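Trainee: Could you look at this predicted model? Sequence included:
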Amino acid sequence: MQDASFRIEPGERVLLLGASGSGKSTLLAGLAGVLGGDDEGEQTGALTIDGEPAARTRGRAGMVLQDPDSQVILARAGDDVAFGCENLGVPRQEIWPRVRAALDAVGLAVALDRSTSALSGGQKQRLALAGVIAMRPGVILLDEPTANLDPAGVIEVRDAVRRVVEATGATLIVVEHRLEVWLPIVDRVLVLGASGLVADGSPEAVLRDRGAELAAGGVWVPGILPASPAPPARAPGETLLRAESLVVSRVRGTAVAGPLDLEVRAGEVLGIVGPNGAGKSTLGLTLAGLVRPQAGRVAASAQLSDGAKGDPITWSSRALLTRIGTVFQDPEHQLLTTTVRAELEVGPRALALPPAEIAARVEELLERLRLSALAEANPYTLSGGEKRRLTVAAMLATRPRVMVLDEPTFGQDAATWAELVAIIARLRDGA
């Protein structure tokens, strides 16, 4: 982001829009005072809160990160919500009432001693929001706070935020690609683009005057849907994976879904849906051969196994590369190298492909997923949306027969969503 100038008044509720990579998350990190020093990037101009440099206004801004796992600090839910209050020196007798009130506000009905590692992605998102609410900051910064939530959870968290800002008068700045959720509570929209701040006004005025332009730039504008691919070109083929009386769990002995019987067929897109905590991610990882079934089995066809012995859970990592590819819910859980280009080379190199073939695959994916300008960047410096595109590209680099994608379009602007869905459709159709 560069050449952006604006002033946000106390108590305003601002929706920050822009295409993936336009600097929204970077701006929020700057306001939160966690952007880093000159050794981590370049900065010109000034970013202030109450007239002071944002980095010096400790406790004035509270931020929910784009990736909730990056914000989970302690092992128990109550302790994690209390962490910010303790660091601000809030008296102990005040902390626990704040913790309980914050958990109630976000609708997270878990025991204070519940293990944070046992929470689903959506539950961790609410936990992070509760930690910010408990601190009672003057500025609340939310970076896609509902990205991992089911529809009911989205409304619940939005309404919780509304109650908090109405009760406290806090200033709200929220980043979201899907803006219709927040339109009922925001009173101003800022839009970032390549040239800095490209639009600033009331939601009604910005959508009326710039709606088509924003949609073309990737913003999810109500009433303007991105292009969707055509229906399947042909009927699904043979069964590649079969689940038989399958029960899945992350913790041995604690089933989260099942028993289930299902088939995954060639040329078919199978959607797994359900509320947060229903076991969708665990089922996906079990089908992918990465988590052992608690009961039942996942069996592969002879065509998919192609010489690999046993069920997918017994296959080596190298055997899985060309058979079942996986994109995790959290992109950072599968980043391995120091550059985007090297990340895309990991799988093909493990397959011992010729250097020319590796280079061709990597260049194609950099172009298709709009990552060319970031080829030499460290993956951990990318935005959440860019990390998601990178992990999808890395999975595609080995061209697996079956792909297990855990929320592959989460955090994407409308343009990138359309690109990813189009790629999946082409793969479905054998293109």
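Mentor: Received it, and whenever you're ready, just let me know what you need.
Trainee: now the helices for the stretch 51-200 of the chain?
Mentor: 77-87, 92-105, 121-135, 151-168 (DSSP state H, counting those that start in this stretch).
Trainee: Buried by neighbour count: which residues of the first one qualify?
Mentor: Pointing back at helix 77-87 there. Residues of helix 77-87 classed as buried: 77-78, 80-85 (neighbour count, 16 or more other Cβ atoms under 10 Å). In this view, the C-beta of every residue, glycine as well, is placed from N, C-alpha and C.
Trainee: now, which of the residues you listed sits nearest Leu365?
Mentor: Nearest to Leu365, judged by Cβ to Cβ, of the buried residues of helix 77-87 is Asp80 at 37.0 Å.
Trainee: Surely the closest one and Leu129 touch.
Mentor: No - contact criterion Cβ atoms under 8 Å: Asp80 and Leu129 do not qualify, at 11.6 Å.
Trainee: Can you give me the end-to-end span of stretch 307-321?
Mentor: 14 Å (Cα to Cα, to the nearest Å).
Trainee: Could you do stretch 252-268 as well?
Mentor: Counting by Cα to Cα, you get 31 Å between the two ends of stretch 252-268.
Trainee: which residues are in contact with that stretch?
Mentor: The contact list for stretch 252-268 (Cβ atoms under 8 Å, 6 or more residues apart in numbering) reads 232, 234-250, 270, 277-280, 282-283, 287, 294-296, 303, 401-402, 428-430.
Trainee: Sitting in helices, which of these do you find?
Mentor: The helices, defined by DSSP state H, take in 280, 282-283, 287, 303, 428 from these.
Trainee: Around Glu12, how many other residues sit close by?
Mentor: Counted with other Cβ atoms under 10 Å, the neighbours of Glu12 add up to 15.
Trainee: Tell me how far it lies from Ile140.
Mentor: 11 Å (Cβ to Cβ, to the nearest Å).
Trainee: got it, and Ala356?
Mentor: Ala356 sits 51 Å away from Ile140 when distances are taken as Cβ to Cβ.
Trainee: Between those two, which has more neighbouring residues?
Mentor: Neighbour count, other Cβ under 10 Å: between Ala356 and Ile140, Ile140 has more, with 25 against 8.
Trainee: wouldn't that one be in contact with Val175 here?
Mentor: No - contact between Ile140 and Val175 fails when scored by Cβ under 8 Å: they sit 11.9 Å apart.
Trainee: ok so, going back, quick check: which of the helices of the stretch 51-200 of the chain is buried the most?
Mentor: Stretch with highest mean neighbour count among the helices of the stretch 51-200 of the chain: helix 121-135 (a mean of 26; mean count of other Cβ atoms under 10 Å).
Trainee: Can you give the distance of that one from its chain's centre?
Mentor: 15 Å (Cα atoms, centre = their mean, to the nearest Å).
Trainee: for the residue nearest to Arg158 when sequence neighbours are not counted, what are its contacts?
Mentor: Excluding the flanking residues, the one nearest Arg158 by Cβ to Cβ, 6 or more residues apart in numbering is Val181, at 5.7 Å. Val181 makes contacts with 146, 154-155, 158, as judged by Cβ under 8 Å, 6+ apart.
Trainee: This completes my enquiry, with thanks.
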